[in-house]
Structures are given as C-alpha cells and as structure tokens.
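Peer 1: From the sequence below, what's the structure:
(2 chains)
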Amino acid sequence: MKEFLLNIDRRIIFIFVALGIIIPALGSFNLPIKPTKNVRSIYDTIEEVAAKNGTILISFDYGPGSFPEVQPMALAVLRHCFKRNVKVVGMCLWPDAVGLAQQAFDTTSKELGAEYGSNYVFLGFKTGFHSLVINMGRDFHGTFPQDLHGNNTTELPVTQNIKGLADFDYVICLAAGNSPDDIWIPYGQERYKFKFGLGCTAVMAPDQFPYLQSGQMNGMMGGLAGAAEYETLVQVPGTATEGMRPQSVVHLIIIAFIILGNVMYFLYGRQKGGVQ
Amino acid sequence: MLFLRRTLPLIIAFVMGMIGILVYYSPHSGAQALEQEVTMWNRIVFAFALVLGIYSLMRLHWGRVQRQQAGWAYSFLVFVGFVVMLIFAIYNNGQGPLKPQVIDSGPFVWMFDYVQVPADATMFSILAFFIASAAYRTFRARTPEAAILLVSAIIVMIGRVPIGGLISDSVPAFSQWLMAVPNLAATRGILLGVSLAAIATSLRIIFGIERSYLGGGEE
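Peer 2: Residues are numbered from 1 along each chain as shown, chains lettered A, B, ... in the order given. This is a model prediction of the structure:
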C-alpha cells in the first residue's frame, strides 16, 4: 500500500481527472461566479462605448487549440456589444482564427439581430503582425481597403469614419499567444494611445499583470474563469459558466494529489531519496 | 558572390535597423511616411515567408516519406490534409479562387469546424491529464522556496475557481494579491531583463557583430 501511494500509476490519476470532468459536466449544480475587478473593467468600458454609440475593434488572435477557453470570451463580448448597439470591427492576426471569429459573429448576430455592415464588419486575416498594427494605426482604410467579403471599408457604415486605430473607442485582443504583449501594446496602444483590453488563456494571464498595473491595459479576462465572469456580467451563461463545475472539481483533485504526494514524500519518500 | 551572401545582407540589416530606430523617435511627416512604407514592405515579406514556410514544411515531410522513416505515415497525412484543404480553398464553395473566400459554409468550413477545431482542442485538453500526473510526481516541498511556491500554487488554483469563493471570500482575494503583487514584481523583473537583452542583441545584429542569422556562424 505504501509503495502504491508513493508511486500512483498515472492511469489512475487520469481516471480521477476524467471522472472529475465527466460527472460535474453532467450535473446541474451551479457555483457562484463573482466577477473580478479586471473583468468588470472591460464590461464597464464597453458600457461607456455604448453610451456614446462608439465602435470597438476585436482582434481574434487564437487558434482551435484554445477554442474552449477563448471562444466563450468572444461570444460573451460580442453578445454584450450587440445587445448595447456597440459597433464591432473584427480582425485576425492568426490565420486559423478566421473560422472561429466567423462562428462567433454568426452565432451572436443571429441571436441578437445584428446586421453586417451596420452593426459589425469582419476584416479577416492579414500578414504582418506588428507591421500591420503600425499601418492600421496611421491608415486604416489603406491597410484594409476591403473587408473579408470584398466590400470597401470606406463605404461600410461601421468602418467609414475610422481613419486609424485611435478612432476606435476600445480595442480588445482575444489571444492565445504573444500578440498582446509583443504586438498590440508596443506597436499599437503605446503609439496610438487607445484603450486596450485583453482576453487570454489562463497560462498567459500571469505575464500580463505588469501591463495592467502600468495602465497600458485596462482590463483582462484570464482563462475559462475570466470568460465565466464575463458571461455572468452579461447574464448569458454559456460553456464557460458550465465549465466552472468540472474545472473546480479537477482543481480540487489535482490539489488532493499534490497533498497526497507531499505527505507520502515526507513520511517515506525522503528515506528512499525521492519518489519516481 | 561574397558580397551577395555577406556584405549585402549586413548593409540591409544596418539600413533597415537604423530606419526602424530613427523613425520611431522622429515625428517628422517624412519619417512617418517612410515608416509606413517600410512596414508595408515588411508585410509583403511576411506573405512570402508564409510561402517559404509551406515549402519548408513540405520538403521536410517529403524527405521522411521518401526515406520511410519511423512515423512516415504521419508525414504522408500532412500532404493529404494540405492537398484536401487546398482543393477546397480553390473550389471556394463553387465561387472559384478569384472570389473572396467563403467562410460561412462549404466543404472548407466543414473540415475546419468538424475536423481541425475538435482535433486541435482535444490535443490541448489532454494537457490537463498530464499536468495532474506531473503535479503529483514533481510538486514536492523539498526546500523552503519550493514549499512557498507549492502553497502559493494551491491558493491560486483554489482562488481562480468558484469553489474558492465558497470556502471564503479571502481565498480569491489572496489569490488575486499573489498574482497582482509578487507575481507582477517577478514578471516585471524578467521582462526588463529580457527587453535589455533583446536591445543588446538587436544592436549587435544592426552593427553586424552578430552574424549567425546569415547561416555561417560568427566569423
């Protein structure tokens, strides 16, 4: 028994994790989700933009791998914008984000009756990363003369008055890589001084705190928990809110295994020179 | 030949690097226009780099298929995936390659939505299982520093999920403090170090001291 607990087979841990996901996912109990200051800040900024009938830019910078974590943020933010008549311009710095962004626009525009061209515009993907952001900052129409469907951006009601990035009332980056801290902040926010918010994967979140404190970023949704907080604010529970049940249970399972591993290590493992 | 392989790239790196630095600090309209032009060229170079990337990927996997290396069948699948998606992209849901890509219906979208998205998301989710197993095996309080890290990690793990709030309001608050104060301080320190190193490396490249990017190593 001692040997077993000192070196639990990984397949047993996998079974616990699987059950920790499946059982709560099938259940219907709800856990209270309290929005944090950083998430509420994004919500409040969109409310301010709504009050002046403004326009926001959403950069979809993630791929299918982070779909379960970041897509709920995209859906929640778009629902909020369309509900409050905030005009949205979408773009992608990642080529594989185009299909995901389109899905998000399709779902939310059908739900809330948002119309293409007058409520939202999707520009799609262009190469260039930081160069693209610099170009957009100075000459939006020159950088994106047409949207993804071939319409002229100078003629679409949402984009016709946008000359550069500073004309957007808010820019939100939904990211799974280095686009906020390596591209949007140094080449976009720092130069053109627009308000900037971020939705990112949980692993990225700790690295973004310096930008929050410096004010270069005014809010952040981190991981599935951040998405669930935003869903709570817009009062449309989605997959992130549902995901909080399995995520909570799996976190507890991992903590239980860490504690078990340490107890066994201090009781027996140190004598053996550690656990394999 | 040496001029084309060595001297010309060094001159280009120096000129473009100096332009990048100088126009950043100059509000003059000429400098701004120059930067706009140069960054546009840069985007064109990026687009060609994508083509080069595809060529490089195909060449690598073609070599594996030819040599029938271990796992060559996976390399063959790269070609199947690439060719199928390329055909669907050219077909463009019946619109042809010269029209804007149809991204709300058609076989390309179907393959993306029902093959790539679930497959990619599944690969990423498998991480949860490995993290659980790795945490049990390696997260040990062997030293006081490791013990502090361990306790902090447990607090953040509980504080970032709603169960933390159910235990006590202090758990998410403390978790947030850990992220916003000690984590921030450490991250900023690392960031400053990395940034200074990046500046030093950039200057070495601009002034031709660092030449490993040319492919031949330092002389």
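Peer 1: so how many other residues sit close to A:Cys200?
Peer 2: 28 (other CB atoms under 10 Å in any protein chain shown). Heads up, the C-betas are built off the backbone N, CA and C, glycines and all.
Peer 1: Could I get the CA-only coordinates of stretch B:9-23 as CSV?
Peer 2: Extracted C-alpha coordinates of stretch B:9-23, given in CSV (Å, rounded to 0.1, in the frame of the first residue of the first chain):
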residue,chain,number,x,y,z
PRO,B,9,22.6,41.3,-46.0
LEU,B,10,24.7,43.2,-43.5
ILE,B,11,24.0,46.5,-45.3
ILE,B,12,20.3,45.8,-45.5
ALA,B,13,20.2,44.8,-41.8
PHE,B,14,22.0,48.0,-40.8
VAL,B,15,20.0,50.4,-43.0
MET,B,16,16.6,48.9,-42.1
GLY,B,17,17.6,48.7,-38.4
MET,B,18,18.6,52.3,-38.3
ILE,B,19,15.4,53.4,-40.1
GLY,B,20,13.4,51.4,-37.6
ILE,B,21,15.1,53.2,-34.7
LEU,B,22,15.2,56.7,-36.1
VAL,B,23,11.7,57.0,-37.4
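Peer 1: before we move on, what SS does whichever residue of the stretch 101-250 of chain A sits closest to chain B have?
Peer 2: Nearest residue of the stretch 101-250 of chain A to chain B (CB to the nearest CB) works out as A:Gly128 at 3.4 Å. Under DSSP: H, G, I helix; E, B strand; the rest coil, A:Gly128 falls in the coil class.
Peer 1: can you give me the helices in the stretch 1-150 of chain A?
Peer 2: A:2-6, A:10-26, A:37-51, A:67-83, A:98-112, A:130-138, A:140-143 (DSSP state H, counting those that start in this stretch).
Peer 1: Save these as JSON lines, and put in mean pLDDT and distance to chain B too.
Peer 2: Formatted as JSON lines, the helices of the stretch 1-150 of chain A follow (pLDDT from 0 to 100; distance: least, CB to the nearest CB, whole Å):
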{"stretch": "helix A:2-6", "mean pLDDT": "79", "distance to chain B": "10"}
{"stretch": "helix A:10-26", "mean pLDDT": "95", "distance to chain B": "4"}
{"stretch": "helix A:37-51", "mean pLDDT": "98", "distance to chain B": "8"}
{"stretch": "helix A:67-83", "mean pLDDT": "97", "distance to chain B": "5"}
{"stretch": "helix A:98-112", "mean pLDDT": "96", "distance to chain B": "4"}
{"stretch": "helix A:130-138", "mean pLDDT": "96", "distance to chain B": "4"}
{"stretch": "helix A:140-143", "mean pLDDT": "96", "distance to chain B": "8"}
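Peer 1: out of those helices, nearest to A:Ile185?
Peer 2: Smallest distance to A:Ile185 across the helices of the stretch 1-150 of chain A (CB to CB): 9.9 Å, for helix A:130-138.
Peer 1: Check which helices and strands the closest one sits against.
Peer 2: helix A:140-143, helix A:190-192, helix B:29-67 (3 or more CB pairs under 8 Å, 6 or more residues apart in numbering or on different chains; DSSP states H and E).
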